[in-house]
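Student: Sequence first, predicted coordinates after that:
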Amino acid sequence: MQDSTPAHLTPQPFAETLVIAHCDGGSRGNPGPAGFGAVLEDASGRILARLSEFLGKRTNNYAEYSALLAVLAWTIENGYRRLRVVADSELMVRQMQGRYKVNSPDLRPLWEEAQRRVRQLDHFEMQHTLRGGNKLADQLANEAMDRGMGRGPEPAQLRIRDQGPDPIQTPNSARRGSPEPASAVGFVKNGVVHFEEGSLPEGVFVRITRQ
């Protein structure tokens, strides 16, 4: 049976949920390669979304506002009506609170758009935090800048210990004739394990430990 309730009267399941968003933006050079990151959670700490984007050559303040706009857009598009934003940009927080004027011609359109989106919510508040209280958002912003600058994450170094019935034979273990498990050093890149030297025989079971 189809629900005949008019769409505008359908209860909004997320309307009363408070979304808490930590957002951050940065620029390497100011202006320079810029990006933002944001983490959105509900009141219980369950992560709802992670946002991260490279912005090209921009200023720190432009990146901070871009993070705020992305958070507002995600909140509205996903049907939430109550939002608390935590950011470490004192300038942006005070401007959004009406305590500082927006004199920059580059920031004014961003501020105006943010205010327009805020008016679509039932509840909105902003809090200032020090950088230490915004670590994950800062990490996502830096990852966005790294991507834009062509800097991928360093491959994880792994130490691989043989746990199978046919131990890896190293030169020392071969001379001793020892069946003791041996070790091999490698790294992971794009989800594939690469060995610095040699390879594993077929059928060997291994335990991989990140170093």
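Tutor: Received, thanks.

Student: Please count neighbours and contacts with C-alpha atoms only from this point.
Tutor: Will do.

Student: Could I have the CA atoms of the lengthiest helix in the chain written out in CSV?
Tutor: What stands out as the longest helix in the chain, according to DSSP state H, is helix 60-77. Taking Å, rounded to 0.1, in the frame of the first residue of the first chain, the C-alpha atoms of helix 60-77 are listed here in CSV:
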residue,chain,number,x,y,z
ASN,A,60,43.3,30.3,4.1
ASN,A,61,40.1,32.3,4.7
TYR,A,62,38.6,31.2,1.4
ALA,A,63,39.3,27.6,2.3
GLU,A,64,37.7,28.0,5.7
TYR,A,65,34.5,29.4,4.2
SER,A,66,34.5,26.7,1.6
ALA,A,67,34.5,24.1,4.3
LEU,A,68,31.6,25.8,6.0
LEU,A,69,29.6,26.0,2.8
ALA,A,70,30.2,22.3,2.1
VAL,A,71,29.0,21.4,5.6
LEU,A,72,25.9,23.6,5.2
ALA,A,73,25.2,22.1,1.7
TRP,A,74,25.5,18.5,3.0
THR,A,75,23.3,19.2,6.0
ILE,A,76,20.5,20.7,3.9
GLU,A,77,20.7,18.2,1.1
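
Student: pLDDT on the helix or strand just after it, on average?
Tutor: Going down the chain from helix 60-77, the next helix or strand is strand 82-87, by DSSP states H and E. Strand 82-87 carries an average pLDDT of 98.

Student: This protein: strands as residue ranges?
Tutor: 18-27, 32-41, 47-58, 82-87, 123-128, 156-162, 183-189, 192-195, 206-210 (DSSP state E).

Student: least reliable of these going by mean pLDDT?
Tutor: Looking at these, the weakest mean confidence is strand 156-162, a mean of 45.

Student: so what's residue 142 closest to, chain neighbours aside?
Tutor: Using CA to CA, 6 or more residues apart in numbering and skipping the chain neighbours, the partner closest in space to residue 142 is residue 35 (6.9 Å).

Student: Around the one you found, count how many other residues there are.
Tutor: 34 (other CA atoms under 10 Å).

Student: pretty sure it is touching residue 141, no?
Tutor: Yes. Residue 35 is in contact with residue 141 according to CA atoms under 8 Å; the separation is 5.2 Å.

Student: per-domain residue ranges of the chain.
Tutor: Under the assignment automatic domain parsing, the domains of the chain span 13-148, 156-210.

Student: Mean neighbour count, those domains: which tops it?
Tutor: domain 13-148 (a mean of 19; mean count of other CA atoms under 10 Å).

Student: hang on, residue 61 packs against residue 25?
Tutor: Yes. Here residue 61 reaches residue 25: they are 7.5 Å apart, a contact under CA under 8 Å.
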